[in-house]
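> I would like to see how this sequence folds:
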Amino acid sequence: MRDTQTASTTRPPRHWIIIILLLGLGSTILLTGAAGASQTLFLLRNANLFFVACIVLFQSLRYVAMTLSTRVVAEIVNMRVSFFRLFEATVAAQAANRTFVGGAAGLVVRGAFFIKQGMHAGTFAAVEGIEDVVSLCAISLMFLSGVAIVFASGATSGFRWDVIAYTVVGALVIAGAVIWFIRRPVLVERGLGAIVRGVNRILGKLLRRNLYDAARIHRAVEDFYRALALAQRDPMRVFISFGCALARLGCDWIALYFAFRAVGYDVPPGTVLLIFVVSTSVATLAAVPGQIGVMETILTVMSTALGIPAPVAVSATLLYRLISFWLPIPFGYAFAWNLERNELL
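As a prediction, the model looks like this:
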């Protein structure tokens, strides 16, 4: 089992890399063909290198913000970890998310790192939950800010306010359901037990061992609620984590803005904010590694819907995604190898 885990966390499978390359190439060909290949490629070839460097800088800073957020939340549950080691684990997790479908791969990497540090599984679930909540609050604030900016600028003709309303109501309903569920520990334990039993029926036969342990599940749930109680008594660190989440999203927003500037188009920052927030929110539903192909399409559609010329929208989107998607992959797997070598993963 150990050898299998090492291979999966320190070396990206070749077939997945080929699939990712094909998805990226396919979306690039489709988008450039639809927008006008010659003009789009001309804009990319003549991209301002200063702004390209700014994109790389802010995409690097986003991982610093992510690391700071996780480190602060870990301190809530009385665990201090090395910033550099946690930075390595954070980038490695993002590389895994870009290689495999969904966010489970990154969660496994982060979980393995913290469990090696002595954190219990239930406590780790609480840490992830706290970060998810503050990230949701941060992106909600940015979303409302983007809508307010567009509304204040008067650029609302043809804008689908009904879609905005449905989005907000849907998010509130989901948030309410999650809160209702979390406030009932008995239901949480039953639900977790049902999930583990279901997994055990499948993997237990393959691994030839029983994965279900009611006592461990009970302890994990207790650890989870104990960590949440600690967070309630430490609102300052939760607020700092919220600030880090804003900084992370802000880095992505600024990087996208610089992508438009790199191809010579001066777009209002508020417009870029709305493009980024809506595109990110929708693309997270896509079951493809790193939302490759999907994110590019949504960014382009949103950009053109807000009046940006198609060749500019496609060239800026491809430039932004080329850097944001691929930047963590080589570094992430190198960091994963280093963590594995030092028995920290």
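> C-alpha only now, for contacts and for neighbours.
Noted.
> got a list of contacts for the helix or strand containing G198?
Element membership of G198 [criterion: DSSP states H and E] is helix 185-207. Contact with helix 185-207 is made by 181-182, 210-212, 214, 217-218, 221, as judged by Cα atoms under 8 Å, 6 or more residues apart in numbering.
> by neighbour count, which of those wins?
V221 (22 neighbours; other Cα atoms under 10 Å).
> what pLDDT does the residue lying closest to S324 once chain neighbours are set aside get?
Leaving aside its sequence neighbours, S324 sits nearest to Q59 (Cα to Cα, 6 or more residues apart in numbering; 6.2 Å). On pLDDT, Q59 comes in at 95.
> isn't Q59 up against D252?
Yes - between Q59 and D252 there is a contact at 6.5 Å, judged by Cα atoms under 8 Å.
> on that earlier part again, the contacts of helix 185-207 into a markdown table, with extra columns for distance to V134 and pLDDT?
Shown next, in a markdown table, are the contacts of helix 185-207 (distance: Cα to Cα, whole Å; pLDDT from 0 to 100):
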| residue | distance to V134 | pLDDT |
| --- | --- | --- |
| F181 | 18 | 84 |
| I182 | 16 | 82 |
| N210 | 36 | 77 |
| L211 | 32 | 72 |
| Y212 | 31 | 74 |
| A214 | 31 | 82 |
| I217 | 26 | 82 |
| H218 | 26 | 83 |
| V221 | 21 | 84 |
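> list the buried residues of the biggest helix by length in the chain.
In the chain, taking DSSP state H as the definition, the longest helix is helix 121-153. Of the residues in helix 121-153, 121-128, 130-131, 134-136, 138-140, 142-143, 145-147, 149-150 count as buried by neighbour count, 16 or more other Cα atoms under 10 Å.
> so where is the stretch 201-345 of the chain shaky, pLDDT-wise?
By pLDDT under 70, the weakly predicted segments of the stretch 201-345 of the chain are 207, 281-294.
> swap in 80 and give it another go.
Applying pLDDT under 80 to the stretch 201-345 of the chain picks out residues 202-213, 278-298, 301-302, 305-307.
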